[in-house]
Each structure stands twice: as structure tokens, then as C-alpha cells.
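>>> I'd like to go over a predicted model; first the sequence, then the structure.
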Amino acid sequence: MALFKKRTAGKPGEWYYCLEHKKVEEGPECPAKNRFGPYATREEASHALETARERNLEWETDPRWHDAPGPEESRD
């Protein structure tokens, strides 16, 4: 058991969105696996989920992302 818990160091002016607590925080308060960021402003961080949704949609609909079917795959 660790005696001291290592805290994540944050910088003032960097904003994050915590996925676990569903809140915006200045400087990372939570582990990296639970947050999006850094963002330049609190406003940008508050829209982190919408930004991620838009980027995912762009990625999924990018014609360069989907490979051409291989020889064993049927072409419909």
C-alpha cells in the first residue's frame, strides 16, 4: 500500500473535462484515463463531449478511412 498518492500536476489556464465526475476542471484533478483536454478555455472544455462526437462522426464518414474490400470480400 502506497503511503503517498501521486497527484497529477496541472497548469493554471489549462482546462479539462472529467468523464467520471462530468465536470470542467482547471488543471487536471483526475487521472488522464478519465478526462478530455487540455482545452484553452473553460467554454471549450464544457463542450468536450460534443467536440468528440463531431470528430468521431467526421472520422467514421471519411472515405479515406474505409479500406477497399479485399479479394475474399464481396463487392455489393
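Arrived safely, thanks for sending. Numbering: from 1, shown residues only.

>>> show me the contact partners of stretch 20-32.
Stretch 20-32 is touched from outside by 8-18, 34-35, 37-38, 42, 45-46, with contacts defined as CB atoms under 8 Å, 6 or more residues apart in numbering. Any C-beta I mention is one placed from the backbone N, CA and C, and that applies to glycine too.

>>> again, only using 6 Å
Residues outside stretch 20-32 that contact it (CB atoms under 6 Å, 6 or more residues apart in numbering) are 8, 10, 11, 14, 15, 16, 17, 18, 34, 42, 45, 46.

>>> quick one: the fifth one from residue 63, how far?
In this view, residue 15 and residue 63 are 34 Å apart by CB to CB, to the nearest Å.

>>> re earlier: nearest to residue 55 among the contacts of stretch 20-32?
Using CB to CB, residue 17 comes nearest to residue 55 of the contacts of stretch 20-32, at 13.8 Å.

>>> and the closest one, what are its bridge partners?
Beta-bridge partners recorded for residue 17 (DSSP bridges): residue 24, residue 36.

>>> who are the contact partners of it?
Residue 17 is in contact with 24, 36, 45, 48, counting by CB under 6 Å, 6+ apart.

>>> ok, residue 56 to residue 22 distance?
Separation of residue 56 from residue 22 (CB to CB): 19 Å.

>>> rewinding a little: okay, residue 15 and residue 63: which has more neighbours?
residue 15 (22 against 5; other CB atoms under 10 Å).

>>> which residue is the nearest non-sequential neighbour of that one?
Ranked by CB to CB, 6 or more residues apart in numbering and with sequence neighbours excluded, the top spatial neighbour of residue 15 is residue 45, at 3.8 Å.

>>> what's the closest non-adjacent residue to residue 59?
residue 65 (6.2 Å).

>>> cool, thanks, signing off.
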